Every structure is written in structure tokens, then in C-alpha cells.
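Student: predicted model follows, preceded by the sequence.
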Amino acid sequence: MMFVCFSAFVKCIDYEYSGCNYQAYDIGNHFNEFAGVSDVNYNLYASHDLQRDWLATYLETYKQCNSMELTVTDLEVNKLYVQVCKYALVSHFSWGLWALLQARYSN
């Protein structure tokens, strides 16, 4: 995943399965992948502190790219964190469905 800063916004680009997606879904999926893909180990999952630091940096970068006040409040981080946690669950569900389809139709 890569961050790209344009004049008006920050975009995450994931070239493997490129497409528009919800911000919180992509971030939640990013955190899910900390645990691994083939050999999953949830001890490697991003800690609460790491996630909050990452989200604060993300929001600060977004604001910088949009010429906004760079101060990121705890409320902003908390709001995004809650969204990311919910969409991390959606990510698990969608990859689970993908795996079922691949098991049925792929060689």
C-alpha cells in the first residue's frame, strides 16, 4: 500500500486489487494484514497504540495535503479508529467470501 498526496486529498493505493473503497475499510484491512495472510498469527496484529499513532499520522498528512490546520484531536482519531475497527470485521468477512469462491471455482 502506498500513500499519495494530491493537492486536495490523500489516497491509499493498493495495486493488488485496485479500486475505490471506503477509507476505513482499506485501513482496517491494512491492520488485519499485520497478522499475516498465509500463516496467520494474531500476536502480530497492530497494537491499539500503534493503530492510534498510525491514524494520527494519517490524519495529519491528510490535513497537510489540504492546507488545513495540522492539529489532530483525540476525537478525530477516536472517530476514525471506531470506523476502522468495524471495517476490519467487514474485511475479514469479504476475504472469507473470496476464499469460498476461490475454493469452489479456482484450480
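Tutor: It's in. Numbering: from 1, shown residues only.
Student: state the distance from residue 71 to residue 55.
Tutor: Per Cβ to Cβ, to the nearest Å, residue 71 is found 14 Å from residue 55. The way it works is simple: take the backbone N, C-alpha and C, and place the C-beta from them, glycine included.
Student: quick one: which of these two has more around it?
Tutor: Between residue 71 and residue 55, counting by other Cβ atoms under 10 Å, residue 55 is the more crowded of the two (22 against 9).
Student: on contacts alone, who are the packing partners of the longest helix that the chain contains?
Tutor: The residue-count maximum for a helix in the chain (DSSP state H) belongs to helix 74-105. Judged by 3 or more Cβ pairs under 8 Å, 6 or more residues apart in numbering; DSSP states H and E, the packing partners of helix 74-105 are helix 23-32, helix 48-65.
Student: residue ranges with poor pLDDT in this protein?
Tutor: 1-19 (pLDDT under 70).
Student: just give me the residue right at the centre of it.
Tutor: What sits nearest the mean C-alpha location of the chain, by Cα atoms, centre = their mean, is residue 27, with 0.7 Å.
Student: need the contact list for that residue.
Tutor: 12, 55, 58, 80, 84, 87 (Cβ atoms under 8 Å, 6 or more residues apart in numbering).
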